[in-house]
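K.L.:
Sequence and predicted structure are below.
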Amino acid sequence: MRNIVAIAAIAMTSVLFTTVFVMGIDTVERMQMETMRQSGGQAHVSVQYHNKTAYDTLKSYSLIEEIGLSMILADEVQNSKLDKRMTEFWYMDEVSTLLRFSEPTIGTMPREKKRNHCRY
């Protein structure tokens, strides 16, 4: 009888420690993800106010695994219904869409390039 109680105690203790460690690891991962969402993306570096030459230089660098291009095209809209709301119009490529948590929830990303009115 003593052996059964000892085995049960050891089993319950191991389950307890496993649960505590899993919950701790999960909490840390969730905090990291929420920090990334607050900062606007999960990229390690964000370079702002650059030109095409700087972007091409960074893109050709061998240590960069992924690089995405996103740029704001308009920060205000001439629509009286949207006067009280902050509105922005962005261009993002596929990589930037993933890194900035901007994947479409309804529909899909454009598959082919029809017209390009923005110049970079």
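P.N.:
Noted; the coordinates are in hand.
K.L.:
Quick check: closest non-adjacent residue to Trp90.
P.N.:
Ile72 (5.6 Å; C-beta to C-beta, 6 or more residues apart in numbering). Glycine gets a C-beta too; all of them are placed from N, C-alpha and C.
K.L.:
what residues are up against that neighbour?
P.N.:
88-90 (C-beta atoms under 8 Å, 6 or more residues apart in numbering).
K.L.:
Let me know the pLDDT of it.
P.N.:
For Ile72, the pLDDT comes out at 83.
K.L.:
Begin at 341, not 1, for the rest of this chat.
P.N.:
Yes, from this point I'll number from 341; that puts the last item at Ile412.
K.L.:
any idea how far it is from Val360?
P.N.:
45 Å (C-beta to C-beta, to the nearest Å).
K.L.:
ok, now Gln418?
P.N.:
Per C-beta to C-beta, Gln418 is found 56 Å from Val360.
K.L.:
With neighbour numbers in mind, choose between those two.
P.N.:
For the pair Gln418 and Val360, the greater number of neighbours falls to Val360 (10 against 7), based on other C-beta atoms under 10 Å.
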